[in-house]
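> I would like the atomic coordinates for the input below:
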Amino acid sequence: MKALVIEELNRTRMVDVPEAQAGEGEVLLAIRHVGLCGSDLNTYKGLNPLVQLPRIPGHEIGGEIVALGAGVPAGFVVGQRATVMPYTNCGQCSSCRKGRVNACRYNRTLGVQQDGGLKECIAVPYQKVIPVETLAPRHLALIEPLSVGFHAVERGRVQATDKVLVLGCGMIGVGALLGARRRGAKVTVLDVSADKLKLARDLGAAAVIDPTRDTAADQVKALTDNDGFDVVIEAVGVPETFTQAIDFACFAGRVVYIGYCKQPVAYQTQMFNLKELDIHGSRNATIDDFSAVIGCLEDMGETADRLITRTVPFAEAESALPFWDANRATSLKIMIERT
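Residues are numbered from 1 along each chain as shown. Now for the predicted structure:
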């Protein structure tokens, strides 16, 4: 069967790989849609230290069940549409023992620490397969990336009374925006892309901040009566936004970091103490986050298509990452479709 491989820096190629088979306790999915993630682009650019090349990318998966291995319980049926939780959990590390399996110390995400879903079929343990019949097939591949933003909202304990600032309006930031809005919070989004800020407005952001027009700090002061935000969710992953998250949080506020910064970050740490901030990391997502996103996408209906910038046929998948790399400012989600 065919698969897309990131062979080396800035090079992808369609190759032949062995046919996937459903083993004991596994479900075989025919891949229909795969969303490309920032981690895939970083792998392509040589900026993902978690990846060893060559690697088949893809962990945002929508597919159809085509076979069941021995021992798969009732509830899984050939022909069902399904998505995949692409993370593993060992069950033994401190995170797993605390029930926070999304942060497993030994996690191996599809497309990152192990080969992913950008191929014709993939065999997955049934515990990681989530049947979803209520969404359009193309929207199944939106569930995982949005769920990462929803998980950050959960980590930040967002409530309806909160003013929330989301730094970055990529797909993860959009998930944080949608998740916070579903809790009734008033959300502001900061980004340098006018197109993405317009989308944020259309998706329910109460306000937007364009730091290229006026200083972000001045806009934060104006929007919050100089208090700062109750919750700041960082979804960019650069030193500037890491420190802005602290600066723009109110006294007794909460900060959640989703972004993965590749460079050292220098802080004026007195604000950690003076503001008595709650500072949280956020990693991956849980089954509850997936369920919440499915409900959100059900409510959105065809509006969710606005999250998909470009759909690339599977046969032309070699062009997808180069296109995204050349069009980062205007691209939200690049989707690979296999019919």
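
> quick one: contacts for residue 334?
35, 36, 309, 310, 312, 320, 321, 323, 324 (CB atoms under 8 Å, 6 or more residues apart in numbering). Placement of C-beta: from N, CA and C, glycine included.

> In strands, which of the residues you listed fall?
Applying DSSP state E to the contacts of residue 334, the entries found in strands are 35, 310, 312.

> pLDDT for the residues you listed - can I get that in a markdown table?
Output for the ones in strands among the contacts of residue 334, formatted as a markdown table (pLDDT from 0 to 100):
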| residue | pLDDT |
| --- | --- |
| 35 | 98 |
| 310 | 97 |
| 312 | 98 |
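
> Closest to residue 234 out of those residues?
When the ones in strands among the contacts of residue 334 are compared for distance to residue 234 (CB to CB), residue 35 wins out at 21.5 Å.

> Could you list everything that closest one pairs with in the sheet?
Per DSSP bridges, residues listed as beta-bridge partners of residue 35: residue 60, residue 335.

> what residues are up against it?
By CB under 8 Å, 6+ apart, the residues touching residue 35 are 58, 60, 141, 142, 144, 145, 171, 333, 334, 335, 336.

> rewinding a little: filter the contacts of residue 334 to the buried ones?
For these, burial is judged from neighbour counts taken by 16 or more other CB atoms under 10 Å, and it is met by 35, 36, 309, 310, 312, 320, 321, 324.

> Return the two entries of the residues you listed that lie farthest from one another.
309 and 321 (13.4 Å).

> now the helices for the stretch 151-300 of the chain?
Shown for the stretch 151-300 of the chain, the helices assigned by DSSP state H, counting those that start in this stretch span residues 171-182, 194-202, 216-224, 239-248, 270-274, 287-300.

> want to try a markdown table for those helices, with distance to residue 49 and mean pLDDT as columns?
What follows is the helices of the stretch 151-300 of the chain, written out as a markdown table (distance: least, CB to CB, whole Å; pLDDT from 0 to 100):
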| stretch | distance to residue 49 | mean pLDDT |
| --- | --- | --- |
| helix 171-182 | 19 | 98 |
| helix 194-202 | 27 | 96 |
| helix 216-224 | 29 | 97 |
| helix 239-248 | 17 | 98 |
| helix 270-274 | 27 | 96 |
| helix 287-300 | 25 | 98 |
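
> Quick check: which of those helices is buried the most?
The highest mean neighbour count among the helices of the stretch 151-300 of the chain belongs to helix 171-182 (a mean of 26), with neighbours defined as mean count of other CB atoms under 10 Å.

> name the helices or strands packed onto it?
Counting by 3 or more CB pairs under 8 Å, 6 or more residues apart in numbering; DSSP states H and E, the packing neighbours recorded for helix 171-182 are helix 143-155, strand 163-167, strand 186-190, helix 194-202, strand 229-234, helix 287-300.

> Looking at those, which is nearest to residue 101?
Nearest to residue 101 among the helices and strands packed on helix 171-182 is helix 287-300 (9.3 Å), distances taken as CB to CB.

> by how many degrees do that closest one and helix 143-155 diverge?
With axes from the mean of the first three to the mean of the last three CA atoms, to 10 degrees as the criterion, the two stretches helix 287-300 and helix 143-155 enclose an angle of 110 degrees.

> what residues are up against the residue most central in space within the chain?
Here the mean C-alpha position of the chain is nearest to the C-alpha of residue 145 (CA atoms, centre = their mean), at a distance of 2.6 Å. Contact criterion CB under 8 Å, 6+ apart gives 35, 37, 60, 171, 172, 175, 333 as the residues in contact with residue 145.

> Alright, calling it a day.
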